[in-house]
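> need a 3D model of the sequence below.
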Amino acid sequence: MANITADKEKTAAAGFNRPLRLTVTEDLRGFIAVKVGHSLLFLTTFVSVVAVFLIFFFVIKEAIPFLFKGGLSEFWARMSEFSTSLNWYPHNEEHPEFGALTIFVASLYVTVCSLLIAVPVGLLAAIFLSDIAPFGLRQVCKPVIEILAAIPSVAYGVFAVMVVAPWMQNKLGFSTGTNVLNASLILSLMALPTIISVAEDALSAIGREIREASYGLGATRAETMIKVVLPAAHSGIIAAVILGMMRAIGETMVVWMASGQSAQIPSPWWDLSQSVRTMTGTIAQEMGEVAKDTDPYYVLFAIGVVLLIFTFILNMISEFFMSRFKKTVRGH
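Just a heads-up that it's a prediction; the model follows:
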């Protein structure tokens, strides 16, 4: 009888090849494995957090000499010129000017234009994948869409310069093919995988119950999607849009190659055929040309600080909406 009991204790429990009663050595080995695993995960997370703080520290440290050159008395004058002036001539030897307002406005301008293209297309694609497409088609389409995120940004830039730019000049009559519209089209294409994937996950997470309840009350599929599912998933959709915006505003190679690199604000504002210069494009173009420990060098880090702050705020906003969406899903 004792042998039978011992054999049963050694039998796999719940399908796992693990005895119900462990020896002291096995228990100690499992304890050490758990502690080592927790330590490795903590170390990985800790290194990632420290790396982010070190990046912030380095960029801010390199920007301080530009902002505080001449002491506190010059700080507000420099900040005023940097944030409100339209004149960007950092390499002028006689009278350098560091007005970055055109660069900030151009970055937002290109980003908003790309979102105006990507958000409707991405949301419609997410609706199609979550509620209309057959399961087999969805399993094929979603991985193909996500492959777009794996294409190198320089490949998109080459396509923008070699294909889209000549097409705009020949077919649309633009004076230059490297302009706001070109950069916005490519950025929207790059933001689509993020928007579609996150929005589709948000729509699918709502579940079938809320849809079936709406159908049971006599609503059509379109009414259910517009009046029930989209409002219920709005936090996840907003997070998808913000993540897509971060993808667009942080992109470097495409805007460097496709936007034209002209420090101006389009006038009139609706003219997308004009060239502009963005924050990332400015840093990429001038960082390799400026002499270290000079004002043109330090001002590029000041632009980097603005870019880091902006993306950090967007990330916090997306985390807020994602947490709200998770609470909504748990509530259902």
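
> tell me where the stretch 201-332 of the chain has helices.
For the stretch 201-332 of the chain, the helices defined by DSSP state H, counting those that start in this stretch cover 208-216, 221-224, 230-232, 234-249, 253-258, 279-286, 295-331.

> closest one to R138 among those helices?
The minimum distance between R138 and the helices of the stretch 201-332 of the chain falls on helix 208-216, with 14.7 Å, by Cβ to Cβ. For the C-beta atoms, the positions are set from N, CA and C on the backbone; glycine is no exception.

> so which elements touch the closest one?
Counting contacts by 3 or more Cβ pairs under 8 Å, 6 or more residues apart in numbering; DSSP states H and E, helix 208-216 packs against helix 221-224.

> returning to what we had before: any idea which of the helices of the stretch 201-332 of the chain is most buried?
Comparing these by mean neighbour count (mean count of other Cβ atoms under 10 Å), helix 253-258 comes out on top with a mean of 27.

> what residues does that one touch?
110, 153-154, 156-158, 160-161, 164-165, 178-179, 182-183, 186-187, 190, 278, 280-281, 284-285 (Cβ atoms under 8 Å, 6 or more residues apart in numbering).

> average pLDDT across that helix?
Averaging pLDDT along helix 253-258 yields 90.

> so how far is it off the chain centroid?
17 Å (Cα atoms, centre = their mean, to the nearest Å).

> got phi/psi on E97?
Dihedral pair for E97: phi -130, psi 140, per degrees, to the nearest 10.

> quick one: the strands in the stretch 1-150 of the chain, in order.
88-89, 97-98 (DSSP state E, counting those that start in this stretch).

> packing partners of the last one?
Spelled out, that is strand 97-98. Going by 3+ Cβ pairs under 8 Å, 6+ apart, strand 97-98 lies up against helix 72-84, strand 88-89.

> of these, which is nearest V59?
V59 sits nearest to helix 72-84 of all those, at 15.2 Å, using Cβ to Cβ.

> please state the offset of the closest one from the chain centre?
What separates the centre of helix 72-84 from the centre of its chain is 30 Å, taken as Cα atoms, centre = their mean.

> again with stretch 26-38
Taking the mean of its C-alpha atoms, stretch 26-38 sits 38 Å from the chain's own mean (Cα atoms, centre = their mean).

> export it as PDB, just CAs?
Once non-C-alpha atoms are left out, stretch 26-38 reads as follows in PDB (Å, rounded to 0.1, in the frame of the first residue of the first chain):
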ATOM      1  CA  GLU A  26      14.700  19.600  -5.500                       C
ATOM      2  CA  ASP A  27      12.900  22.200  -3.400                       C
ATOM      3  CA  LEU A  28      16.200  24.200  -3.000                       C
ATOM      4  CA  ARG A  29      16.900  23.900  -6.700                       C
ATOM      5  CA  GLY A  30      13.500  25.300  -7.600                       C
ATOM      6  CA  PHE A  31      13.800  28.100  -5.000                       C
ATOM      7  CA  ILE A  32      17.200  29.100  -6.500                       C
ATOM      8  CA  ALA A  33      15.800  28.900 -10.100                       C
ATOM      9  CA  VAL A  34      12.900  31.200  -9.100                       C
ATOM     10  CA  LYS A  35      15.200  33.700  -7.400                       C
ATOM     11  CA  VAL A  36      17.700  33.700 -10.300                       C
ATOM     12  CA  GLY A  37      14.800  34.200 -12.800                       C
ATOM     13  CA  HIS A  38      13.400  37.100 -10.800                       C
END
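
> cool, thanks, signing off.
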